[in-house]
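> coords please:
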Amino acid sequence: MIGRGHRGRVDANQAEIVAALRKVGASVVSLARIGEGCPDLLVGYRGRTLLIEVKDGTAIPSKRLLTEDELKFQSSWTGATIRNVGSIEEAIKAISL
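Below you'll find the model as predicted:
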């Protein structure tokens, strides 16, 4: 499933979310280039690992929806927790849960 076909794109707010996560001590690796519905970020924080799908929280609601590939990936993934975020505040909350 991963690595075939088109590559993912990066939402406008991803860089600021990555910077904010790193500022609070999280380790962050971008997975956005993988595409195929794979979440955008691999995040380690306080001994936990999770995946984060970044959506532009300022975009119109239809642009914030998960794509078919993202839905498929998230429904079939049996590993680390996946969180969907649209802002720095949502990202910080996601790693704190």
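> Longest strand in the protein, please.
As assigned by DSSP state E, the longest strand anywhere in the chain is strand 48-54.
> which parts of it are buried?
For strand 48-54, the neighbour count (16 or more other CB atoms under 10 Å) marks 50, 51, 52, 53, 54 as buried. All C-beta atoms are positioned from the backbone trio N, CA, C, and that covers glycine.
> Same question for stretch 67-80.
The neighbour-count check on stretch 67-80 (16+ other CB under 10 Å) flags 69, 70, 73, 74 as buried.
> again, but for stretch 25-38
By 16+ other CB under 10 Å, the buried positions in stretch 25-38 come out as 26, 28, 31, 32, 35, 36, 37, 38.
> Which of those sits closest to residue 12?
residue 32 (12.3 Å; CB to CB).
> follow-up on the earlier one: please flag which of the buried residues of stretch 67-80 sit within helices.
69, 70, 73, 74 (DSSP state H).
> of these, closest to residue 12?
Of all these, the one with the least separation from residue 12 (CB to CB) is residue 70, at 17.2 Å.
> wait, that closest one sits on residue 52?
No - the pair residue 70 and residue 52 fails to qualify as a contact (CB atoms under 8 Å) at a distance of 11.9 Å.
> what touches both of these two?
Jointly contacting residue 70 and residue 52 under the rule CB atoms under 8 Å, 6 or more residues apart in numbering are residue 39.
> Compute the distance from the centre of stretch 42-57 to the centre of its chain.
On the basis of CA atoms, centre = their mean, to the nearest Å, stretch 42-57 sits 6 Å off its chain's mean C-alpha point.
> quick one, strands of the chain?
Ranges of strands in the chain, per DSSP E, are 27-30, 41-45, 48-54, 81-85.
> how about TSV for these, with distance to residue 93 and mean pLDDT added?
Shown next, in TSV, are those (distance: least, CB to CB, whole Å; pLDDT from 0 to 100):
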stretch	distance to residue 93	mean pLDDT
strand 27-30	16	98
strand 41-45	12	98
strand 48-54	11	97
strand 81-85	8	97
